[in-house]
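**Q** sequence and computational prediction follow.
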Amino acid sequence: MAMGNAHRHFLGNLLKNKKIEMINTLVEKIDRSNIDLDVIRAAGKVLREGGLVAFPTETVYGLGGDGLNPESSRKIYEAKGRPSDNPLIIHVADFESIKKIAASIPDTAKKLADAFWPGPMTMILPKSEIVPMETTGGLNTIAIRMPKDDIALELIRCGGGYVAAPSANASGRPSPTKASHVYEDLNERIDMILDGGEVGIGVESTIIDLSEETPVILRPGYITKEMFESVIGHVIYDPGLTSVDASVKPKAPGMKYRHYAPKADLSVVEGDKSRVMLKMKDLIADNLTKGIKTGIICNDEDKISFDNADYVIGIGAQGDEEMAARHLYDALREFDSTDVDVIYSIGFGESGLAVAIMNRLLKAAGQKVITV
Ligand code: AMP
Ligand code: MG
């Protein structure tokens with residue numbers, strides 16, 4: 001609950017203090033089967049002139065600005081309400097482009113790019129002089145990705161080749177998987193939204209740090225540890241991702257922030273499936289007696305078991321992790337339009353795409369887990 005209120009408070013204060021200029025946000029629908037290049041060129045011009053354009057990628061919608069223009073990066077932080085120590089990912093349209101922004105390129109970078117670009121993988125490399133500190137949040141490394149989305153790639157080409165783009169949500173909110181989510185959070189704060197429909201993957205890119213001896217996964221995503229290891233051998237997870245010791249901080253600054261939280265109080269119920277189902281039913285029954293309204297996130301086929309809950313969202317069939325990833329943020333946002341007080345969600349496993357889903361879910365839950 002606290003996070004939702006904090007979010008509204010934050011935006012309210014920004015408006016009151018007039019820190020953000022209200023601008024007219026132009027929404028342009030793009031037909032993927034026949035991309036209107038005139039619209040993309042106009043959006044590219046907005047970027048080259050220092051403006052902000054939200055655009056679809058295969059992971060989530062991004063909020064783009066010129067990554068080599070410090071003023072654009074400053075505007076991105078301001079529009080999102082993002083802490084300026086949380087660096088931005090620069091999006092490129094081809095591998096050659098990274099030579100200008102990376103100070104050195106290890107063999108592993110080329111191998112991974114050949115295997116997974118364009119696609120949902122972000123590489124961390126030492127940065128070159130040309131990249132402003134505003135874009136990297138003061139770090140001397142740079143995060144780089146080539147998205148697999150024709151609208152995004154065309155926009156990057158028309159926008160100068162280096163588009164800094166964090167997820168296009170207000171800081172702390174679930175990342176946008178539809179243009180309407182971007183509109184909800186950023187209308188009147190950015191110049192343009194390119195509406196390319198619903199995204200395909202639904203969780204942010206996997207971040208892999210290649211700036212040190214052993215490659216380290218700083219954020220789990222669609223490209224899994226197993227997939228990296230099939231190309232470059234041994235890869236580790238950043239110990240800061242899962243450590244319960246608060247002094248072990250995640251290396252990606254963004255991973256330390258609470259994120260994605262719905263207004264209602266979310267907990268993840270973990271354990272053997274039949275026990276999880278029973279526990280959820282008990283919790284619902286208990287809440288009913290106290291007048292507490294309960295929301296549930298479960299598999300599609302189990303929705304029917306929770307007919308005494310106030311709001312139930314099926315996140316996909318059991319075992320269909322691709323579907324769960326695609327629907328998670330939309331589900332979290334959907335609860336904000338209901339009056340539930342608490343939400344219980346099923347948990348996800350420890351390998352493959354489930355790692356990324358569970359990582360985001362636990363962040364949304366502020367790490368609250370009920371183990372049965
Ligand atoms: P977003 O684009 O909103 O998905 O956030 C980008 C993520 O990349 C955040 O978690 C950042 O902290 C992380 N990131 C960006 N640049 C770097 C970097 N140079 N080193 C480590 N993490 C980074
Ligand atoms: Mg984000």
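**A** That came through, no problem. Numbering: from 1, shown residues only. Ligands and ions are numbered 1, 2, ... in the order given.
**Q** what does the stretch 1-150 of the chain have sitting close to ligand 1?
**A** Counting by Cβ under 6 Å from any ligand atom, the residues of the stretch 1-150 of the chain close to ligand 1 are 86-87, 89, 124, 136, 139, 141-143. The way it works is simple: take the backbone N, C-alpha and C, and place the C-beta from them, glycine included.
**Q** quick one, which of these has the minimum pLDDT?
**A** Among those, N86 carries the weakest pLDDT, at 92.
**Q** and A317, how close does it get to P174?
**A** The gap separating A317 from P174 is 22 Å, by Cβ to Cβ, to the nearest Å.
**Q** those two: which is more packed in?
**A** P174 (27 against 12; other Cβ atoms under 10 Å).
**Q** the spatially closest residue to that one that is not a sequence neighbour: what's it in contact with?
**A** Distance criterion Cβ to Cβ, 6 or more residues apart in numbering; nearest residue to P174, sequence neighbours excluded, is Y329 at 3.8 Å. Going by Cβ atoms under 8 Å, 6 or more residues apart in numbering, Y329 touches 60, 174-177, 181, 202-203, 260, 360.
**Q** now name the helix or strand holding Y329.
**A** helix 321-335 (DSSP states H and E).
**Q** and that helix, does that touch ligand 1?
**A** No. For a cut-off given as Cβ under 6 Å from any ligand atom, helix 321-335 has no contacts with ligand 1; the smallest distance is 11.9 Å.
**Q** right, and the helix or strand after that helix?
**A** Criterion used, DSSP H and E; the element after helix 321-335 is strand 342-346.
**Q** partners of that following strand in the sheet?
**A** strand 265-270 (parallel), strand 294-298 (parallel) (DSSP bridges).
**Q** switch these over to CSV; also include mean neighbour count, mean pLDDT and distance to S72.
**A** Shown next, in CSV, are the strands paired with strand 342-346 (neighbours: other Cβ atoms under 10 Å; pLDDT from 0 to 100; distance: least, Cβ to Cβ, whole Å):
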stretch, mean neighbour count, mean pLDDT, distance to S72
strand 265-270, 20, 97, 34
strand 294-298, 25, 98, 37
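**Q** let me have these in JSON lines, extended by distance to ligand 1.
**A** Listed next are the strands paired with strand 342-346 as JSON lines, based on distance: least, Cβ to the nearest ligand atom, whole Å:
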{"stretch": "strand 265-270", "distance to ligand 1": "20"}
{"stretch": "strand 294-298", "distance to ligand 1": "22"}
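**Q** distance to A170 added to the ones you listed, as TSV?
**A** Listed next are the strands paired with strand 342-346 as TSV, based on distance: least, Cβ to Cβ, whole Å:
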stretch	distance to A170
strand 265-270	18
strand 294-298	22
